[in-house]
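Student: next one to model:
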Amino acid sequence: MANIIYDKTEKGQDEILTRKNHLASRMRSLLVLVDGKTNHDALLKKVAGLGLTEESIAELLQLGLIEPHAAQIEAVIAAPPQPIQQDAPAEKPTAILAEGESLYQALYNFYTTTIKSTLGLRGYAMQLKVERCANIDDFKALRQTYVEAVLKSKGPEMARSLGDRLDQLLSLA
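Tutor: Residues are numbered from 1 along each chain as shown. The predicted structure follows:
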C-alpha cells in the first residue's frame, strides 16, 4: 500500500467546498491532505495523531471521495496480461480448475467471489453483468471493467493480482 497515491474525486472536491456529506472533522482533515502527491503511508503518518488508520482511507475510497492517482490507474490498465510460465511441461494448465469444473463455471465463480469480497455493495451492478454472461467471450469482455472497478476500490496491487488470476483462467479458453 505504501506506493499508492490518491487524488480527490469530483465528489471529494465538492465535499471540501460545500460540506454537504457532513463528513466528520477528522475525516475531513484527511480528505484535505489528499493532494495527488502524497503516498498512502505518508498520509497515515500525517493523521496518526488524529487516530485515523487504514480504515479511514478505505472509508474515503468507499464514499467515492478519493481514488488512486490517474497515472497509477493507467499503468495497471495498460499493463499487458502476464503470460503464464510453465516450468514443468508435464503439468496441464487446467490444474487451476477444480475437478469436473467447466471453464465457464470457474470464471463465474471467480467473478462472483471476488466481486463480493473486493467491491461489496458497490459491486452490485458488476454482479448483474456477470449474471448476464452467456459464454466465455462475455466473461472476456467484462475483464477490463472488472479490473478498473477493483483498482478504484482496492488499489493497484489488488487489481494486478486479481487481473493476473483472471488472465490465467481466460488463457484456458
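
Student: just name the shakiest helix or strand of this protein by mean pLDDT.
Tutor: One helix or strand of the chain scores below all others by mean pLDDT, DSSP states H and E: helix 70-78, with a mean of 55.

Student: residue 166 against residue 146, yeah?
Tutor: Yes. Using C-beta atoms under 8 Å, residue 166 makes contact with residue 146 at a distance of 7.1 Å. For the C-beta atoms, the positions are set from N, CA and C on the backbone; glycine is no exception.

Student: what's the burial count for residue 105?
Tutor: Using other C-beta atoms under 10 Å, residue 105 has 12 other residues around it.

Student: also residue 166?
Tutor: Residue 166, neighbours per other C-beta under 10 Å, totals 22.

Student: use 277 as the first number for this chain going forward.
Tutor: With 277 as the first residue, the last one maps to residue 442.

Student: on the three-state scheme, it is what?
Tutor: helix (DSSP: H, G, I helix; E, B strand; the rest coil).

Student: need the contact list for it.
Tutor: Counting by C-beta atoms under 8 Å, 6 or more residues apart in numbering, residue 442 makes contact with 383, 386, 419, 422-423.

Student: now do residue 279
Tutor: Contacts of residue 279 by C-beta under 8 Å, 6+ apart are 315-316.

Student: again, only using 7 Å
Tutor: residue 315 (C-beta atoms under 7 Å, 6 or more residues apart in numbering).

Student: okay, now the domains of the chain?
Tutor: 282-344, 350-446 (automatic domain parsing).

Student: give me the nearest residue to the most centrally placed residue in the chain, chain neighbours excluded.
Tutor: Closest to where the C-alpha atoms of the chain average out (C-alpha atoms, centre = their mean) is residue 426, at 1.9 Å. Ranked by C-beta to C-beta, 6 or more residues apart in numbering and with sequence neighbours excluded, the top spatial neighbour of residue 426 is residue 435, at 4.5 Å.

Student: same deal with residue 419?
Tutor: With C-beta to C-beta, 6+ apart, the residue lying closest to residue 419 is residue 442, at 6.1 Å.

Student: ok, that neighbour to residue 337 distance?
Tutor: Residue 442 is 21 Å from residue 337, where distance means C-beta to C-beta, to the nearest Å.

Student: one more: residue 376?
Tutor: Counting by C-beta to C-beta - residue 376 and residue 337 are separated by 38 Å.

Student: who's more crowded, these two?
Tutor: A side-by-side neighbour count of residue 376 and residue 337, using other C-beta under 10 Å, places residue 337 first with 19 against 6.
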